[in-house]
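> Please work out how this folds:
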Amino acid sequence: MPATADAAALLRRASLRVTRPRMAVLSAVHDRPHSDVEGIAAAARAELGTVSTQAVYDVLAALTDAGLLRRIEPAGSPARFEARVGDNHHHVVCRFCGSIADVDCAVGSAPCLDASADHGFTIDEAEVTYWGTCPDCQVEGHEHPPGHHAGHQTTEPRGSEPRTTEPRTTEPQTIEPPSIPATPITGETP
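So this is what the prediction gives:
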């Protein structure tokens, strides 16, 4: 995290008032990149003693709108925030534990900005998310999620929960349609 004076200067340059909640949230995101709101709020509370979750959301929105933070939303994950802004970097996400790391864009010109079809848009940014297995999960024996094979993508859509190596088993369910009482049609309007 930048020193307190540096953080205050960042806020002032962005035309934001310097407040304790803004300083605490900015510090939390700098110290814990790719944190979700819950983690940022916990860190801010540890520094301030008390701050509402709504206040943290409001501060994150203000800091993101001012360009001091970046919000990322990997599929199946809550919004995450980072202080690395102003470049076109990407992310790699572990399918097992959800950990996230930064990945620099290709060296030289940014080929990720040369879309095969721009449909008339002027492209100025690309969000690329790489998915895989982090080193810690590899050590635990996770190599490929169910339905994945090296070099092949699964046809299963990504869910909102991190994948596990345990196959999901569910009992078949019978869903009965709701009973609707019959209403005679009389031709009259009520």
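
> Kindly spell out which helices and strands sit in contact with the worst-scoring helix or strand of the chain on mean pLDDT.
The weakest-scoring helix or strand in the chain, judged by mean pLDDT, DSSP states H and E, is helix 4-13 (a mean of 88). If you count contacts as 3 or more C-beta pairs under 8 Å, 6 or more residues apart in numbering; DSSP states H and E, helix 4-13 packs onto helix 20-31. Quick note: C-beta positions are derived from backbone N, CA and C, even for glycine.

> angle of the helix it packs on against helix 4-13?
110 degrees (axes from the mean of the first three to the mean of the last three C-alpha atoms, to 10 degrees).

> any idea how this structure splits into domains?
Following automatic domain parsing, the chain resolves into domains at 4-72, 87-165.

> pretty sure A79 contacts E38?
No: under the criterion of C-beta atoms under 8 Å, A79 makes no contact with E38, lying 10.6 Å away.

> mind checking how far V103 is from A62?
Using C-beta to C-beta, to the nearest Å, V103 is found at 28 Å from A62.

> So for the two, which residue has more residues nearby?
Neighbours per residue, other C-beta atoms under 10 Å: of V103 and A62, the larger number sits with A62, 19 against 13.

> So the more buried one, which state does it fall into?
helix (DSSP: H, G, I helix; E, B strand; the rest coil).

> Mind telling me which of the domains of the chain the model trusts least?
Here those differ in mean pLDDT, and the lowest is domain 87-165 at a mean of 72.
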